[in-house]
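K.L.:
A structural model of the following input is requested.
(chains A, B, C and D)
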There are 2 protein chains.
Amino acid sequence: MGNSDITRDKLIAAATQAFWEQGYSNTSLRKIAQVASVDVALISRYFGGKLGLFKATLTKALDWPELVSPDNDPVEVVIEKYANPESDAHQTSFIRMIVMNANDPQVGELVRQTLRDKLFDPLEARMGGQKASTRLAMFIAVVIGASMVRQSLQLPGMAAVEPDVYARQLRHMIEAALQFDEDPVGP
Amino acid sequence: MGNSDITRDKLIAAATQAFWEQGYSNTSLRKIAQVASVDVALISRYFGGKLGLFKATLTKALDWPELVSPDNDPVEVVIEKYANPESDAHQTSFIRMIVMNANDPQVGELVRQTLRDKLFDPLEARMGGQKASTRLAMFIAVVIGASMVRQSLQLPGMAAVEPDVYARQLRHMIEAALQFDEDPVGP
DNA sequence: TGAAAATGTCAACACTTGTTGACTTTTTAG
DNA sequence: CTAAAAAGTCAACAAGTGTTGACATTTTCA
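P.N.:
Residues are numbered from 1 along each chain as shown, chains lettered A, B, ... in the order given. Below is the predicted model:
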């Protein structure tokens, strides 16, 4: 491991935290470099610029093999993550980062595309069955909405609540979403 | 109506659109002034600065009396808004604006606070009953998550779908959310 | 050891941002 | 009509942005 690799890792670590907390546009390279104790110029040298650094953090953050693995049930993986207070904080800020940057005029398209490629498409294939795309969309909607309400908007009904209660709320909504029947008329 | 009021309105209109589409930090006063055909300096003069202008647009946007009225069922108001293609576009971008700016380091706290005061608290009072805060939180979670998935992330399962189908999906998830029973053990 | 490559440092650049003050034009009112 | 107030115009500011190139230091390896 060369010295430059250490520098790269320090930059990615600092950049990930900064981008997740403040979003792409509100994060300055000088602040990242300061936190990483690295000269600003090295960012452009090693990652080609701000966008390159963001891409690097995004790729790393969206690498989530356990969620897509055929051995696991995605629903259980998600619920377990959120029911655990430690991983909960990490996961909710992960969602927050997605939501923030998926609407950013500069990196929004990149975020949405990467999200599709690395998470949604494999997840849809993993879920399988009829109307997988519908069930996936409603599943994601619940997970994202719940995270927003719990962490970002902090509505007491979901924010000031024990992790196990939140897990039950989440499971309740997810199961309901997965049971949606596209055709309103029975067979 | 003095001439300055016309200028104020033009600025608020242009600012609302810009803030909703690109978020607070990614919107420059010069761009707003250009769209409104007004000199930049007048913004600081009339609204005290960028933050003041944002506050003005926010207050106006969060004024939604029909949702809180005792004569209407909030759930039906929301579903109706989203089932109508015209108001759907407006409403989803409304949610998008909230999500974008509720996480902004500069205006996030203001947005969340205003949201609580003008929407969530009255809505909770309007819903009433036991565990109103829980039901409200889960209700909001579904609405926000669905909007994100449909407009922002554009998952085909909810994005490439007729308005009436989307309305059914939304209703299904909302009703499930409202039926959540906090206590897992029956009486 | 010594040349070459890798890594790090520093200063400056062109650009955009929000805001301010001096100034001119238009409208208001006695 | 005319003086005062309102409304609008223009240029400049200080601060912050990402990026670049020249230079210094360290490491690599023949």
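K.L.:
neighbours around residue A:86, how many?
P.N.:
Residue A:86: 9 surrounding residues under other C-beta atoms under 10 Å in any protein chain shown. C-betas here are computed from N, CA, C, even on glycine.
K.L.:
Contacts for the helix-or-strand element of chain A with minimal mean pLDDT, please.
P.N.:
In chain A, the helix or strand scored least confidently by mean pLDDT, DSSP states H and E is helix A:85-102, which has a mean of 87. For helix A:85-102, the surrounding residues in contact (C-beta atoms under 8 Å, 6 or more residues apart in numbering or on different chains) are A:19-21, A:23-24, A:61, A:80-82, A:107-108, A:111-112, A:115, A:143-144, A:147-148, A:150-152, A:163, A:166, B:99-100, B:103, B:148, B:152-153.
K.L.:
So residue A:27: helix, strand or coil?
P.N.:
At residue A:27 the chain is in coil, as set by DSSP: H, G, I helix; E, B strand; the rest coil.
K.L.:
Tell me if I'm right that it and residue A:18 touch.
P.N.:
Yes - using C-beta atoms under 8 Å, residue A:27 makes contact with residue A:18 at a distance of 4.4 Å.
K.L.:
The host helix or strand of residue A:56 close to DNA strand C?
P.N.:
Assigned by DSSP states H and E, residue A:56 falls within helix A:50-61. No - figure legend: helix A:50-61 not in contact with DNA strand C (C-beta under 7 Å from any atom of the strand); closest approach 13.4 Å.
K.L.:
what's in contact with the following helix or strand past that helix?
P.N.:
Where DSSP H and E defines the elements, the next helix or strand beyond helix A:50-61 is helix A:65-68. Residues from elsewhere that reach helix A:65-68, judged by C-beta under 8 Å, 6+ apart: A:72, A:74, A:77, A:78, A:119, A:122, A:123, A:126.
K.L.:
please redo it, this time with the cut-off set to 10 Å
P.N.:
A:72, A:74, A:77-78, A:80-81, A:118-119, A:121-123, A:125-126 (C-beta atoms under 10 Å, 6 or more residues apart in numbering or on different chains).
K.L.:
mind giving me TSV with those and columns for secondary structure, distance to residue B:51 and pLDDT?
P.N.:
Listed next are those as TSV, based on DSSP: H, G, I helix; E, B strand; the rest coil; distance: C-beta to C-beta, whole Å; pLDDT from 0 to 100:
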residue	secondary structure	distance to residue B:51	pLDDT
A:72	coil	46	94
A:74	helix	42	93
A:77	helix	41	94
A:78	helix	37	91
A:80	helix	41	90
A:81	helix	37	88
A:118	helix	37	96
A:119	helix	36	96
A:121	helix	41	96
A:122	helix	42	96
A:123	helix	40	95
A:125	helix	46	94
A:126	helix	45	92
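K.L.:
Need the max-distance pair from these.
P.N.:
Farthest pair in those (C-beta to C-beta) is A:80 and A:121. Separation: 22.6 Å.
K.L.:
Please enumerate the shared neighbours of residue A:27 and residue A:18.
P.N.:
Counting by C-beta under 10 Å, 6+ apart, the residues touching both residue A:27 and residue A:18 are residue A:53.
K.L.:
Can you give me the buried ones in the lengthiest helix in chain A?
P.N.:
The longest helix of chain A (DSSP state H) is helix A:3-22. Within helix A:3-22, the residues scored as buried using 16 or more other C-beta atoms under 10 Å in any protein chain shown are A:7-8, A:10-12, A:14-20, A:22.
K.L.:
Could you single out the nearest of those to chain B?
P.N.:
Comparing the buried residues of helix A:3-22 against chain B with C-beta to the nearest C-beta places residue A:22 closest, at 5.0 Å.
K.L.:
Low-confidence bits of chain A, can you list those?
P.N.:
A:1-2, A:182-187 (pLDDT under 70).
K.L.:
near DNA strand C, which residues of it?
P.N.:
A:2, A:3, A:4, A:5, A:6, A:7, A:38, A:39, A:40, A:41, A:42, A:45.
K.L.:
Is it possible to get TSV of those residues that adds distance to residue B:171?
P.N.:
Shown next, in TSV, are the residues of chain A next to DNA strand C (distance: C-beta to C-beta, whole Å):
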residue	distance to residue B:171
A:2	58
A:3	58
A:4	55
A:5	53
A:6	54
A:7	53
A:38	52
A:39	56
A:40	52
A:41	55
A:42	53
A:45	54
